[in-house]
Each structure stands twice: as structure tokens, then as C-alpha cells.
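> Mind looking at a prediction? Sequence and model below.
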Amino acid sequence: MKISDAYVIVTSPGRNFVTLKIVTESGTYGIGDATLNGREMAVVAYLEEHVIPALIGRDASRIEDIWHYLYRGAYWRRGPVTMAAVSAVDLALWDIKAKAAGMPLYQLLGGKSRERVMTYAHCTGRDIEGCLAEVEKHVRLGYRAVRVQAGVPGIPTIYGVAKREGERYEPADAELPAEHVWSTEKYLNHVPKLFAAVRERFGEELHVLHDVHHRLTPIEAARLGKAVEPYHLFWLEDCVPAENQESFRLIRQHTTTPLAVGEVFNSIHDYRELIENQWIDYIRTPLSHGGGITHMRRIADLAGLYHVRTGFHGPTDLSPVCLGAAIHFDTWVPNFGIQEHMPHTPETDTVFPHDYRFEDGHFLVGEAPGHGVDIDETLAKQYPYKRASLPVNRLEDGTLWHW
Ligand SMILES: O=C(O)C(=O)C[C@H](O)[C@H](O)CO
Ligand SMILES: [Mg+2]
């Protein structure tokens, strides 16, 4: 199964996506997602200049060897650009292997551990009432789990909240980074009221999640975790920037609120202390940033030893290729927790035909050989790349903060 061709497709059906296609001599091909939101073209250059020339002629069935060849061969190791490129190759090769075996990917991984994959929806509002209206809508659509984010009085633009009621939230909305303003005190004083309102309106059973998006210090995160314990969140996500894994020791000492982390991680080494010390409850790294199936299953296995479960990142900036592969992984992985779901635009869904389905708050895996997602290359050409950046955050006095 020699690799005879490989190329990158950049398309922007509503937002930018980078897709790697690997073709073998027999004509069987696989595709992988290489999208790194706001830094897309860095991965394109990495793949075209450094990876594709080294792939041609290699045996596509040797996934493990190719993974180590690309990881060790770069010498520099890890990092989001390298790992997005390695992930795309890995996803495309698993797609090829499963197609060659005539099996859906979950079968190659070890078969089904569950019938369906629970997913959570994004519910956002300019204020608490607006957010509750979105929760109501999503509960009616069948979701058992919702992520709630609401505007905070005194903070003009905040992470996770769409500009207008009913609109989709898309953070990479400007060519150069938009500047937002952040106040920790205003946020901390307001946000527990949101969870109180959700519990009062929707009762105890609904799973409620929230993303702090890296904005607090450890002691502030501890205060928030403690304050929201009566509302028993499914998880509190990215409550602090997590480069310093040790900071989770302090948070954990103070609160029983479950913690999720890792959407910006790309290696098992980013997680080791967090998992081994049982400081977190959910791992968030998507397959397209964490080294593909080959590396993410090692992280999931390590996590499983410590009762830590998966809760893969699934915003619109990961393409349907990543989501499709994730649904296979979620269907197999023994320590599954939940899968994030932010629906793609109809244009994106047409550029990437797929066989996964959403039904009653869950994803159902498809039975097509491979990961079940393809790309319509002719249609993709109609949506050229547009530069788009994620925002930055400043404190009210102008100090640059975490976005
Ligand atoms: O979906 C989430 O949990 C996010 O935090 C989304 C991120 O802001 C987004 O992926 C940044 O590119
Ligand atoms: Mg997040």
C-alpha cells in the first residue's frame, strides 16, 4: 500500500479548514483534518514543505512507524503546528487502513463500547434570560447536556456569547485579533447566578457545563468551583491557563466541581501530572491536535487508569473530518464521557459529506468503511481561504490577559 500522492486542500465554507488527502497506489485514499484555528497556513506550509515530500513512497499501512518518523524526525517535538500536521497524516492513514479492511474505523479500534455518543450543545445568551431560552430550545431538540455561557453586566463582549440573539458564535471573526475587555470580579460575581437560574428552570437532571476559557488564577478558580457546587456542574472547563499543571493541585484541594482541560494540549506530556495526580476529570484534546488516533488512544488509556474520561473538543473550527473520526473513537473508547457538538454550517456539511448522524441528543456512528467523512474537492474550490484571527483580551486598565 504505497503512498503515491498527498496534497493539502484549504477551503472556507463559512470558516477556514485545512484537509490533507493521502492517496495510495491502489487508488484507496484517506483524509485528515489539519485545521489550527487562526494559524491555518502555518500547518499548510509545514505539511507541504516538510511532511508530504517524506511521505511519498512510504507504506501507508505502517501507521505507527510513520507517526514516530514524523514526531521524532522533526527533532523539535510537540507543539501545535507539528502536532496538527502529524494528526492529519495519522487520521488519513487510519481512514485508509479501515477502508482497506472494509470496516468502519470503530471496528478496527476494538468495536463498540456503546450504542450512541452523548453530546453537549452550546447555549449562549446576551443575558441569563437569553441563555435560558437557548437551553429550552436545545432541550426540545433532545440534548441531555448543555454548555451555558451568558453575557456579564459591565463586560461588553465575552467569550462564548454570539453577537446577536439566535446567531452562531464564531470567535475568529476579524482579519486581525479583535480586542476584548475582561473583568474577573464582574464575572465571578455574576456567573453563579446563571447556574442557579438553569437549575431552577430545568431541574436537576440536565447535564450543565461551562467554559471559563483560561481566565482565572488558581485561587479564583477554586472560589468559582466552590461557589457552583450546589448546582453540580458536569464540568468546569479550562478554569486556568494550564501550562503549569501544578496549579490544579490547589484548585482540587478546594472543590468537588469536576474539571475538564486540554483543548490546547497536544501531547501526553501536557497531561501526565494532571492525570497521575487525579487533578482533572476530563481530557479535551481533539484528535486533530493530539497526534491523531495513534497518540490520543495512549492518552485515553493513561486517563482510564485514573478514572479520567474523554470529552473531546468539538467546536466549528474542527472540520467534519475531525468530528467524524471522533465519533468512531467515542463509540469505542471505554472511558468515554461526552462529545462537544457545535453544528457546522450547511455549506461546510456539503463540502464534507459524512455518514454520522445526530439524533435525540446523541451522535450515531456510520457503517461506511473508514472514518466516514469525505471532501468534495470541486465544491471546496468555491470557498477560498480568508485570513481570520482569534481575539485578544485586556483587563480594564489595558493589561493583556488570557483570551
Ligand atoms: O469549544 C470550546 O470549548 C472552545 O473553547 C472553543 C475555542 O474557543 C475555539 O476552538 C478556539 O479556536
Ligand atoms: Mg473550551
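Cool, got the structure. Ligands and ions are numbered 1, 2, ... in the order given.
> Residues contacting the helix or strand hosting residue 70, please?
In the assignment (DSSP states H and E), residue 70 maps to helix 63-73. The contact list for helix 63-73 (Cβ atoms under 8 Å, 6 or more residues apart in numbering) reads 51, 54-55, 58, 77, 82, 85-86, 89-90, 93-94, 97, 291-292, 294-295. Using the backbone N, CA and C atoms, a C-beta is placed for each residue, glycine as well.
> and the residue of the stretch 201-350 of the chain nearest ligand 1?
residue 315 (3.7 Å; Cβ to the nearest ligand atom).
> wait, the stretch 51-200 of the chain
Closest point on the stretch 51-200 of the chain to ligand 1, by Cβ to the nearest ligand atom, is residue 171, at 5.2 Å.
> Could you check the pLDDT of that residue?
Note on residue 171: pLDDT of 91.
> re the thing from before, thought residue 342 was touching the residue of the stretch 201-350 of the chain closest to ligand 1, still the case?
Yes: assessed by Cβ atoms under 8 Å, residue 315 is found in contact with residue 342 at 4.9 Å.
> measure the nearest residue to residue 333 once chain neighbours are set aside to residue 123 for me?
In this structure, residue 333 finds its nearest non-sequential neighbour in residue 300, 5.2 Å apart by Cβ to Cβ, 6 or more residues apart in numbering. Per Cβ to Cβ, to the nearest Å, residue 300 is found 27 Å from residue 123.
> likewise residue 330?
To residue 123, residue 330 is 21 Å away according to Cβ to Cβ.
> show me where the stretch 51-200 of the chain has strands.
117-125, 145-150, 179-182 (DSSP state E, counting those that start in this stretch).
> if I look at residue 369, how far off is ligand 1?
Residue 369 sits 30 Å away from ligand 1, going by Cβ to the nearest ligand atom, to the nearest Å.
> tell me the contacts of that residue?
Contacts of residue 369 by Cβ under 8 Å, 6+ apart are 98-99, 101-104.
> Can you verify my assumption that residue 180 contacts residue 395?
No: at 10.6 Å, residue 180 does not count as touching residue 395 under the criterion of Cβ under 8 Å.
> So for those two, which residue has more residues nearby?
With neighbours defined as other Cβ atoms under 10 Å, residue 180 and residue 395 compare such that residue 180 has more, 17 against 12.
> Identify the bridge partners of that one.
residue 393 (DSSP bridges).
> quick one: pLDDT of residue 165?
67.
> which non-adjacent residue is nearest residue 335?
Per Cβ to Cβ, 6+ apart, closest to residue 335 is residue 304, 4.0 Å.
> Tell me if the one you found really is in a strand.
No: remark: residue 304 does not belong to a strand; assigned using DSSP: H, G, I helix; E, B strand; the rest coil, it is helix.
> That one: how many residues sit nearby?
Residue 304 has 16 nearby residues by other Cβ under 10 Å.
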